[in-house]
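S.K.: Turn this into a model:
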Amino acid sequence: MKKLSRLSHVRNIGVAAHVDAGKTTLTERILFYTGASYKIGEVHDGAAHMDYLAEEQRHGITITAAVTKAPWREHLIQVVDTPGHVDFTIEVERAMRVQDGCILVLDGVRAVEPQTETVWRQRARFNLPALFFINKMDRPGADYRQALAAIRQRLKGEPAPITVPLPDEQAVVHLIDRTLIRFMGEQGELLEAQPCPDDLWAQLAADREALGLAAAEFDESLIEQVLAGETPEPEVLRAAIRRGTLAGRLFPCYGGSALRNLGVQPVLDGVIDFLPAPLDRPPAIGRRPDGGSEEVVLGGDGPLVALAFKVQLWDGRRHVFARIYRNTLKAGDPVEFVGPDGQTRREQAARLFDIDAGKKTKVDQAEPGQIVLIAGLRFATTGDTLCAPGHLIGLERIEARAPVLGLAIEPGAGTDEERLLEVLDKVTQEDPTLAVEEDPETGQRLLKGMGELHLQMVLERLGREFGVQVRSGRPAVAVRETIRRGAAADALFTTPPLPDSKHLDLMARVALAVEPLTRGAGTRVDVTPRVLPEGAVLSDEQRRAIASGLHGALDSGPLQGAALMDLAVQVREAELFGAGSTPEALAAAAGKALRKALEEAQPVLMQPVMALEVIIPEANLGAVLGDLQARAALILETRTGDTADGNAAIRAEAPLAALLGYTTTLRSQTQGRGQFSMEFLRFDIP
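M.R.: Residues are numbered from 1 along each chain as shown. Alright, predicted model coming up:
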């Protein structure tokens, strides 16, 4: 019971938002007000506790998710500060995979922005309860009620306003407790709460009714009180809001300004009151090697289960971030896991560390609900489930998106090829959205990532952390290939006869057809052929070999050697020639037939298409629209006049190749006031 009671006093949360909405600034205040940090570090000074990488401090952005702990009201809050830039979206994805709830930060002027929608979808994918902090309410044009309306309209969530900010008075009104809270002292650490004056309370009637009606959805006894204009009892209201929040249908909203130390402490209370403890979350579903499923209850009985959600090089050594789900992990314990390649490996968790952003502290054991850093695992990678030996189980893996932009790279002065390859292997283990490939036509080595900023940060880090100097070319867009029409082909694979009768002459024939599929459908492979001669049967090994030969051919298209997608392959016939039709012969015949069919099917290149949102002054709208149309962008929506800061918003789709270097163009067109964000949408034929 002691362990369960301790888990009920834990909150494992993430902070997520669009870039520059104020996530790290909010996290700094959380650490200061809870006593976890003795001073507030500012992002613009490069002194934020959570931005500990040199690149983060230099550029003033968060690149990697950082973990820390903060005590509040006899509870322990584990906080993960995540990046806002879409290039680092894998950091958000894998952090959310191991969280129980999250704080979503909105800019009080711009409200819901493109990356807000992305993190909202990631939150929904893992069914995470969330609360909103509407930040920057001290800025001209900030509108709390407009932000609540945007949550309802664009995110389809039901906001429940808990605090209403009064930035001119450095105060907020708490709608549950009916109090006016002032934030005083040098850094807003002194709170003065008093009953809300009647005239001010009357002005907030609409907000009070919105909160009451939202809560009444989860407690019918509140309906009459709300409609009569009465204030329900705080504890009854809190209980109803907590039920709605845990169900993922209600989202408590707080207003303030993290930079001005306004309204942060009520958010901490909201984390304790409304976001789930580990025990409030539904059990994780694990897959056993025999194909069956098993519920993994956090903190429950049974052998060890932990999820490795991130690999990071720390002091030049490989470390793995993991969250413990079941049982405990002690330093020196052996663990088993099934890697992405299907192989089972056994390793030893040599040392365990507690993490506080860029600092680690050695610990002897980790308990359920805890996030720890493990040293000594050479092969465990993002998404692997670490288990007690002999009790393998697999939790849902973490999916990484394919990279869309590449740079040709080569060793710079003083760096040899082997050293470069060794370091590249380390950074690609850390980041599943990075890839190193060789261009089949030029022989150049390509470093591929999610965008220009992503690749720039990697190259800076190679020089700073590893002392590896790299020369790079211009960014090149990663392409895919597909086909325009159906085609069929037939291929016979044979080896030249050898005079040595001991060697088997290999022979196999495969006939197949290919068909194009709709965009985003991926590839489908069907290996259910008619087998010749009549009465012959394909063994499981032969069937797998044919599928393997087809997948190998699909990895390299006929035009530029790029991977193929959005097509179906159906194997119609497989002809066997006795012992010579080995699995290897069938795989070779299948690959040969597929390559022939693809050449006949009008292969075509596909470019990455990006979803684009551009925020600009209205005066520059015409020039920016004209430039986007010249870049073959499809304009989906133009919004003007609905933002208090006089900006216009453009939503569009555009090929990534046309957007290389767009930052410079947009700045020159808008005198540096325009900004844009883009997110990979799909591969398509230009």
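
S.K.: for whatever helix or strand V569 lives in, which positions count as buried?
M.R.: V569 belongs to strand 567-576 when assigned by DSSP states H and E. Burial within strand 567-576, assessed by neighbour count using 16 or more other C-beta atoms under 10 Å, is assigned to 567-571, 574-576. For every residue, glycine as well, the C-beta is placed using N, CA and C.

S.K.: Next: stretch 605-625.
M.R.: Neighbour-count burial for stretch 605-625, counted by 16+ other C-beta under 10 Å, picks out 606-617, 620-621, 624-625.

S.K.: Could you pick out which of those are located in strands?
M.R.: When DSSP state E defines the strands, the subset of the buried residues of stretch 605-625 inside them is 606-617.

S.K.: Farthest pair within those residues?
M.R.: The two members of those with the most space between them (C-beta to C-beta) are M606 and P617, at 35.1 Å.

S.K.: Need the distance between the two termini of stretch 218-232.
M.R.: The straight-line separation of the ends of stretch 218-232 (C-alpha to C-alpha, to the nearest Å) is 14 Å.

S.K.: Pull the residues that contact it.
M.R.: With contacts defined as C-beta atoms under 8 Å, 6 or more residues apart in numbering, stretch 218-232 is touched by 178, 205, 208-209, 212-213, 215-216, 236-237, 239-241, 243-244, 247, 250.

S.K.: try it again with 7 Å
M.R.: Residues from elsewhere that reach stretch 218-232 (C-beta atoms under 7 Å, 6 or more residues apart in numbering): 178, 209, 212-213, 215-216, 236, 240, 243-244.

S.K.: Repeat that for stretch 304-320.
M.R.: The contact list for stretch 304-320 (C-beta under 7 Å, 6+ apart) reads 94, 97-98, 286, 296, 321-327, 329, 360, 373-375, 377-378, 380-382, 384-388, 393, 395, 398, 426, 429-430.

S.K.: cool, stretch 529-543 as well?
M.R.: 527, 571-576, 583, 586.

S.K.: residues of it that come out buried?
M.R.: By 16+ other C-beta under 10 Å, the buried positions in stretch 529-543 come out as 529, 538, 542-543.

S.K.: Show me where the stretch 51-200 of the chain has its strands.
M.R.: Remark: strands assigned in the stretch 51-200 of the chain by DSSP state E, counting those that start in this stretch are 66-72, 75-81, 101-107, 130-135, 159-161, 163-166, 171-174, 179-184, 190-195.

S.K.: Out of those strands, which is the most enclosed?
M.R.: Most buried of those, by mean neighbour count (mean count of other C-beta atoms under 10 Å): strand 130-135, with a mean of 28.

S.K.: From P83, how far off is the spatially most central residue of the chain?
M.R.: The residue lying closest to the centre of the chain (C-alpha atoms, centre = their mean) is E93, at 2.3 Å. For E93, the distance to P83 (C-beta to C-beta, to the nearest Å) stands at 11 Å.

S.K.: now do G244
M.R.: Applying C-beta to C-beta, the value for G244 to P83 is 29 Å.

S.K.: now swap in T482 and tell me
M.R.: Noted for T482: a distance of 32 Å to P83, by C-beta to C-beta.

S.K.: which regions of the protein sit below the pLDDT cut-off?
M.R.: 1-5, 41-63, 65, 84-87, 440-442, 498-503, 641-646 (pLDDT under 70).
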